[in-house]
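Asks: fold the following, please.
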Amino acid sequence: MRRFFLDKNRIGGGRAILDGSEARHVGKVLRLGVGDTLYLLDGDGWEYQAVITSKSSKIVEVEIVKKIPPRKDSSITITLGQSLAKAQKMDYIVQKATELGVSTIIPFFSARSVSSLDDERSQRRRIRWQRIAIEATKQCGRAVVPHIEAVVPFKKVLEKWDDNSLKIMLWEDEKNVKLKDVLKKTQPSPKAIFLVGPEGGFTPDEVEMAKNTGFQTVGLGRYILRTETAGICLLGILQYEWGNLS
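Replies: Residues are numbered from 1 along each chain as shown. Below you'll find the model as predicted:
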């Protein structure tokens, strides 16, 4: 399906204009022309069936022929708290988490994070990650683009959640509690937050801080997964058990 992201403020009066990279993709990659049909996403869940009415090398004008109401991507709202990893690994995490239905990603720096960012680099990375999320949303058929929050200290992530959320911390040293056991014993929750540590893992102090704010530490069995694999694995399991992956 030919799907394109366009800010909702640029859709109105039964018409819309694509420019920049989206216009180039229409003309040079897909080679669409006047009369061809495409679909616009506004990032909030609305989808628009549109027909190309005019096209140049820089601008594509379309007429909206159908407005499609939002559909829920998943029955559970999932937030992934991800400790900063190296650039390409974070890109991968954002892309695959989007494909698996994550609602929000909160990058954070913890004691053993291998990557540290100043404010300027952090903002540039956030813009890049949001762009990756948009592209993954278009590719996988979702209607709502996940929100990538600003990079924050680990402690800030712990402050955001109420008791109605399933709060899980993946911890390789947790030998007694497995994720599957927690999911079997817990009634499906409308909201979940998962914390995934850096390549060196969480420190004992960080684990204690998380427990004190209501997080349950869990293991995934005998395997220790890489940071770029752990969150993706966990998302897949939760979507299978409680969400739309079946």
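Asks: from now on I want contacts and neighbour counts done on CA atoms only, so please keep to that.
Replies: OK.
Asks: with adjacent residues omitted, what lies nearest to Val26?
Replies: Setting aside the residues directly before and after it, Val26 is nearest to Leu32 in space (C-alpha to C-alpha, 6 or more residues apart in numbering), at 5.7 Å.
Asks: which SS state does Gln95 fall under?
Replies: helix (DSSP: H, G, I helix; E, B strand; the rest coil).
Asks: could you do Val62 as well?
Replies: Three-state call for Val62 (three-state DSSP): strand.
Asks: surely it touches Ala16?
Replies: Yes: with contacts counted by C-alpha atoms under 8 Å, Val62 reaches Ala16, the gap being 5.5 Å.
Asks: so where's the chain shaky on pLDDT?
Replies: 1, 246 (pLDDT under 70).
Asks: how does it divide into domains?
Replies: 3-68, 77-242 (automatic domain parsing).
Asks: include mean neighbour count when you put those into CSV, please.
Replies: Compiled in CSV, the domains of the chain are given as follows (neighbours: other C-alpha atoms under 10 Å):
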stretch, mean neighbour count
domain 3-68, 17
domain 77-242, 18
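Asks: outside of the longest helix belonging to the chain, which residues touch it?
Replies: In the chain, assigned by DSSP state H, the helix with the most residues is helix 119-140. If you take C-alpha atoms under 8 Å, 6 or more residues apart in numbering as the criterion, helix 119-140 is touched by 3-5, 91, 94-96, 98-99, 143-151.
Asks: in the chain, which spans are helices?
Replies: Going by DSSP H, the chain shows helices at 20-24, 87-99, 119-140, 154-158, 179-185, 204-212, 227-242.
Asks: so which of these comes closest to Tyr48?
Replies: Closest to Tyr48 of the helices of the chain is helix 119-140 (C-alpha to C-alpha; 13.0 Å).
Asks: that closest one versus helix 87-99: what angle between them?
Replies: On the basis of axes from the mean of the first three to the mean of the last three C-alpha atoms, to 10 degrees, helix 119-140 is oriented at 40 degrees to helix 87-99.
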